[in-house]
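>>> got a predicted structure here, sequence first:
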Amino acid sequence: MLTRPTAVPATLTEEMAYGLMCVGCRRDVRDGRADEVAVGEDRGWTLVACRGACAAGVCGDPDGWADKPGGLPSLTDRIDRWEDDGDS
Ligand SMILES: [Zn+2]
């Protein structure tokens, strides 16, 4: 069963649900810093937060949810999924 971090906002933006926006500070992770880590899931989607304070605030570990099955999909995969869904 999943495991929704308690600190994740009840209402996620679509970008958060697709792992394209930090659920802590709302930074768009497509900005090239590539320091986001998986912090949880929501309905099968991987949620991300900036490594460090944001991740710690959401899931209690600054390095994120290290045990996430399958790990964090690449940013390219997440963007592809976002764009595919947007077209349908
Ligand atoms: Zn952040």
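Arrived safely, thanks for sending.
>>> so where is the protein shaky, pLDDT-wise?
1-10, 87-88 (pLDDT under 70).
>>> what parts of it come near the ion?
C22, G24, C25, R27, C50, C54 (Cβ under 5 Å from the ion). (C-beta placed from N, C-alpha, C; glycine too.)
>>> show the contacting residues for R78.
Y18, G19, L20, T46 (Cβ atoms under 8 Å, 6 or more residues apart in numbering).
>>> nearest to W82, out of these: which one, please.
Using Cβ to Cβ, Y18 is the member of the contacts of R78 that lies nearest W82, at 4.4 Å.
>>> for that closest one, the count of nearby residues, please.
21 (other Cβ atoms under 10 Å).
>>> relative to A53, how far out is it?
22 Å (Cβ to Cβ, to the nearest Å).
>>> ditto for C22
10 Å.
>>> who's more crowded, these two?
The neighbour comparison of C22 against A53 (other Cβ under 10 Å) goes to C22, with 24 against 12.
>>> pull the residues that contact stretch 37-52.
2-5, 8, 12, 16-25, 27, 29, 33, 35-36, 55, 57-59, 62-65, 68, 71-73, 78.
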